[in-house]
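Enquirer: no sequence for this one, just the structure:
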């Protein structure tokens, strides 16, 4: 079996997220990683295992938002680091307000696995809809 490129690893993460497939999402994460949500983002923290990421990020977003999604528009291949530019959107279940905000995700990949993700987004746009 041929190893995936770092870009393909990150694209596999987004394919899993788009499909709503937790096993596909976590299959490209290292057992220990640093997943950093932007301060000010709902439930922002640094998560250290795939299970923590699924519970603290994906399950929480699914529980609080209708149609929350992060759609990548551009992938910038920097070797071990892959930068993804895209747009978040969703409708808060609590308020009924929708938002759209640009994001940048910076992934570090080692041995076909994501070892770090750093999120950057306009948290004011998200929070205005959230609560």
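Expert: Arrived safely. Computed from a predicted structure; not experimentally measured. Residues are numbered from 1 along each chain as shown.

Enquirer: Might you report the residue contacts of residue 48?
Expert: The contact partners of residue 48, by Cβ atoms under 8 Å, 6 or more residues apart in numbering, come to 32-35. From N, CA and C alone the C-beta is placed, and that goes for glycine too.

Enquirer: ok, now residue 82?
Expert: 6-7, 9-10, 75-76, 106-107, 109.

Enquirer: Please narrow the contacts of residue 48 to those residing in strands.
Expert: 32-35 (DSSP state E).

Enquirer: re the thing from before, please check the contacts of residue 48 and keep the buried ones.
Expert: 33, 35 (16 or more other Cβ atoms under 10 Å).

Enquirer: and residue 74, what element?
Expert: strand 65-78 (DSSP states H and E).

Enquirer: Neighbouring strands - and their directions - for the helix or strand that that strand is followed by?
Expert: Once strand 65-78 ends, the next helix or strand along the chain (criterion: DSSP H and E) is strand 81-92. Using DSSP bridges, the strands paired with strand 81-92 are strand 65-78 (antiparallel), strand 98-110 (antiparallel).

Enquirer: out of those strands, deepest packed?
Expert: strand 98-110 (a mean of 18; mean count of other Cβ atoms under 10 Å).

Enquirer: could you give the mean pLDDT of it?
Expert: Per-residue pLDDT values over strand 98-110 give a mean of 98.

Enquirer: So what touches that strand?
Expert: Residues contacting strand 98-110 (Cβ under 8 Å, 6+ apart): 6, 9-10, 13, 30, 70, 72, 80-92, 114-122, 125-126, 128-130.
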